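Enquirer: the sequence and its predicted three-dimensional model are supplied below.
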Amino acid sequence: MINKVKFTQMKDGDKEDYDFLTEHEIAFSNGTADRLLKALVELDENLSGYQVTRLEHSLQAATRAWKDGADIDWIVSALLHDIGDIYAPYNHDEYAASILRPFVREQCS
């Protein structure tokens, strides 16, 4: 069993390499929700001048969506809508949408 691919360029990979990578990519993908929750907690930093942190704002948005009877796609989208603010402050909406797109319907991303 290999613990690293043999190639340095994708075009040089063989079946064993790509089978190996597929296993690791599936395992990594399965941790997406946990990584997003960690990123959500990072929003607890307060930007100067605001009454609430971005985490509090995100929780408020998700709570409002839930109280309005929104489905899970909308609630998750509301919760994570500012997730990219730390890394992409000028286009965090696009950043968040690209993260959410594989998991929620198009209307929500």
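Expert: Thanks, I have the structure now.
Enquirer: going forward, measure contacts between C-alpha atoms and count neighbours the same way
Expert: Fine.
Enquirer: just how off-centre is the one helix or strand residue 36 maps to within its chain?
Expert: For residue 36, the host element (DSSP states H and E) is helix 32-42. In terms of CA atoms, centre = their mean, to the nearest Å, the centre of helix 32-42 is found 7 Å from the chain centre.
Enquirer: buried sites along the biggest helix by length in the chain?
Expert: Assignment by DSSP state H gives helix 15-30 as the longest helix of the chain. Neighbour-count burial for helix 15-30 flags 17, 20 (criterion: 16 or more other CA atoms under 10 Å).
Enquirer: before we move on, what about stretch 50-70?
Expert: Across stretch 50-70, burial judged by 16+ other CA under 10 Å covers 53, 54, 55, 56, 57, 58, 59, 61, 62, 63, 65, 66.
Enquirer: related to what we said a few turns ago, from the contact counts, what lies against the helix holding residue 36?
Expert: Here helix 32-42 touches helix 54-67, going by 3 or more CA pairs under 8 Å, 6 or more residues apart in numbering; DSSP states H and E.
Enquirer: contact partners of the helix it packs on?
Expert: 40-47, 74-82 (CA atoms under 8 Å, 6 or more residues apart in numbering).
Enquirer: what is the burial count for the spatially closest residue to residue 13 that is not a sequence neighbour?
Expert: Spatially, and ignoring its direct neighbours in sequence, residue 13 is nearest to residue 7 (5.5 Å; CA to CA, 6 or more residues apart in numbering). By other CA atoms under 10 Å, 11 other residues sit near residue 7.
Enquirer: poorly predicted segments of this structure, please.
Expert: Across the chain, the ranges flagged by pLDDT under 70 are 46.
Enquirer: for residue 93, helix, strand, or coil?
Expert: Following DSSP: H, G, I helix; E, B strand; the rest coil, we place residue 93 in the helix state.
Enquirer: what's it in contact with, if anything?
Expert: Neighbouring residues of residue 93 by CA under 8 Å, 6+ apart: 81, 82, 84.
Enquirer: can you redo the residues you listed as CSV with secondary structure?
Expert: Shown next, in CSV, are these (three-state DSSP):
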residue, secondary structure
81, coil
82, coil
84, coil
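Enquirer: nearest to residue 31 among those residues?
Expert: Nearest to residue 31, judged by CA to CA, of those is residue 84 at 17.8 Å.
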